[in-house]
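Peer 1: Sequence first, predicted coordinates after that:
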Amino acid sequence: MSATAARNACKFNCNEDDRLSFIVEWYDPTAALVRKYMLHFYDFDGTVEMFDMKNHRTFLRRSKVENVRLCDMYIGSTMNIMSRQLNFVDYANEYTRTRLGTKKERTCGLIKPDAVQNMGKILDMIWQSGLQITKLKSMKLSRTDIAELFPKECSSSIFNDLVSFLTQGQVIAIEIRGENAIQRLNDLLGPQDASFARNCAPNSIRARFGTNCIQNAAHGSSDAEEADRELNFCFPVKGPPRANSACYSECTCCIIKPHAILDGVAGDILTKILECGFEVTAIIMFTLERANAEEFYEIYKGVVQEYPMMVTELSSGPSIAVEIRAQDPVKTFREFCGPSDPEIARHLRPKSLRALFGKTKAQNAVHCTDLPEDGLLEVEYFFKILDR
């Protein structure tokens with residue numbers, strides 16, 4: 001064995017303490033069964049192996065899998081491995097539970113009505129800080145909602161002003177995960193009063209996008225108890241989901257694809273959409289099951305050669321659905337996205353979204369509605385049918 005091969009073998013076999021183990025489930029559509037596996041992830045080299053728990057045998061030998069990251073592994077997450085959509089349902093041992101417990105702290109963020117126009121820049125600042133956005137949804141709040149969301153402010157002198165401000169437009173709720181996520185988000189937000197933040201934390205979110213102590217761009221949970229309460233309000237585990245802010249009129253559908261989120265350009269895409277005069281009236285993050293992706297793209301089946309790859313991409317991780325409003329929305333936004341092939345887009349429409357952020361015809365940054373009669377239908381598919 002050569003010295004290089006020996007070193008590689010040693011690297012592959014050492015550091016077993018870096019092995020993290022999870023219980024995952026996969027729905028087998030052929031057998032109509034939920035199959036359970038133990039998944040081992042080796043953090044130091046990014047390899048994965050899986051064992052069939054029912055049949056007590058190896059399902060996937062240890063191997064490198066593209067686009068598998070530790071930050072995407074947490075209880076409740078979904079990940080595509082070897083064309084199988086796996087749901088992470090539990091830690092498989094105490095080592096994994098202990099090691100990841102603090103690294104997966106959750107907190108709740110809200111983008112307030114005064115900063116919705118800057119949502120792309122704010123989301124990008126969160127991503128760039130190393131925090132992970134795992135849920136995202138726009139909604140409209142009532143006075144009752146605000147009282148439930150901010151109980152401490154109910155008896156304060158600013159409550160009526162807060163209600164007047166937060167009910168004037170949509171807010172965007174965000175579930176954020178990461179090590180020490182609560183403190184890190186609040187550091188990123190800066191002091192409560194935006195005018196004070198401009199003096200002592202000029203690069204913070206509130207300094208850049210806020211006005212005063214009420215119109216201060218964004219909110220972040222102050223502690224773990226508040227984070228749990230606010231997240232349960234925005235993203236209830238039991239009962240129906242909280243209504244989104246979709247308008248369902250004069251609209252078209254945009255889907256920011258999983259690869260664009262993985263590449264860290266989703267915030268830039270939203271910023272360009274807003275800066276070009278399009279109105280974003282609703283936004284929500286989904287991880288689509290393959291069956292949903294097939295259903296959504298059914299019109300392209302047998303027509304577009306890239307259909308199987310398009311389905312695989314759309315179900316490969318989280319995507320962001322956006323309701324876009326404009327004059328003649330389908331045509332205008334389709335032109336803004338550019339040709340479906342990014343290479344062609346770079347020649348014909350070099351400033352279009354697909355020219356700037358696309359890679360291939362399947363990984364072309366965004367989906368946009370093609371036919372005028374489908375704009376509302378596609379919006380309804382995501383914001384009415386899937387968001388139930």
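Peer 2: Alright, I've got the coordinates. Bear in mind that the values here come from a model prediction, so they are computed numbers and not experimental data.
Peer 1: Would you map the strands across this structure?
Peer 2: Under the criterion DSSP state E, the chain contains strands at 19-28, 33-42, 47-52, 57-64, 78-81, 84-91, 105-111, 132-139, 171-178, 218-220, 251-256, 279-287, 318-325, 366-368.
Peer 1: looking at those, which is closest to P191?
Peer 2: strand 218-220 (11.8 Å; C-beta to C-beta). For every residue, glycine as well, the C-beta is placed using N, CA and C.
Peer 1: So what touches that closest one?
Peer 2: Strand 218-220 is contacted by residues 107-112, 115, 122, 182, 185-186, 188-189, 205-206, 209-210 when judged by C-beta atoms under 8 Å, 6 or more residues apart in numbering.
Peer 1: Run me through the strand neighbours of it, direction for each.
Peer 2: Partners of strand 218-220 in the sheet, by DSSP bridges, are strand 105-111 (antiparallel).
Peer 1: to the chain's geometric centre, what's the distance from the partner strand?
Peer 2: Mean-position distance between strand 105-111 and its chain equals 13 Å (C-alpha atoms, centre = their mean, to the nearest Å).
Peer 1: Next step: the contacts of strand 218-220 restricted to helices.
Peer 2: Cross-referencing those against helices under DSSP state H gives 122, 182, 185-186, 188-189, 205-206, 209.
Peer 1: for those residues, which one is nearest G130?
Peer 2: Using C-beta to C-beta, L188 comes nearest to G130 of the ones in helices among the contacts of strand 218-220, at 10.2 Å.
Peer 1: on that earlier part again, could you identify the most distant pair in the ones in helices among the contacts of strand 218-220?
Peer 2: I182 and F209 (20.6 Å).
Peer 1: who's more crowded, those two?
Peer 2: Between I182 and F209, F209 has the larger neighbour count (other C-beta atoms under 10 Å), namely 24 against 20.
Peer 1: Let me see the confidence value for the more buried one.
Peer 2: For F209, the model assigns a pLDDT of 98.
Peer 1: What are the neighbouring residues in contact with it?
Peer 2: 114-115, 118, 121-122, 194, 217-218.
Peer 1: so what's it closest to, chain neighbours aside?
Peer 2: Distances taken as C-beta to C-beta, 6 or more residues apart in numbering put A217 closest to F209, at 4.0 Å, once the chain neighbours are dropped.
Peer 1: cool, and D72?
Peer 2: If the residues on either side of it in the chain are set aside, D72 comes closest to M79, at 5.8 Å by C-beta to C-beta, 6+ apart.
Peer 1: and that neighbour, bridged to which residues?
Peer 2: For M79, the beta-bridge partners under DSSP bridges are L86.
Peer 1: Would you mind listing where this structure has pLDDT under the threshold?
Peer 2: 1-17, 102-103 (pLDDT under 70).
Peer 1: So if we follow the domain assignment, how does it break up?
Peer 2: Following automatic domain parsing, the chain resolves into domains at 8-101, 105-234, 251-386.
Peer 1: what would those domains look like in TSV with distance to N244?
Peer 2: Output for these, formatted as TSV (distance: least, C-beta to C-beta, whole Å):
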stretch	distance to N244
domain 8-101	20
domain 105-234	6
domain 251-386	5
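Peer 1: between those, which gets nearest to A243?
Peer 2: domain 105-234 (6.4 Å).
Peer 1: State the distance spanning the first to the last residue of that closest one.
Peer 2: 17 Å (C-alpha to C-alpha, to the nearest Å).
Peer 1: any residues touching stretch 285-303, and which ones?
Peer 2: 27, 29, 77-78, 85, 133-137, 307, 310-312, 314-315, 317-321, 374, 378, 381-382, 386.
Peer 1: can you check stretch 326-335 too?
Peer 2: By C-beta under 8 Å, 6+ apart, the surrounding residues in contact with stretch 326-335 are 250-252, 254, 277-279, 324, 349, 352, 368-372, 374-375.
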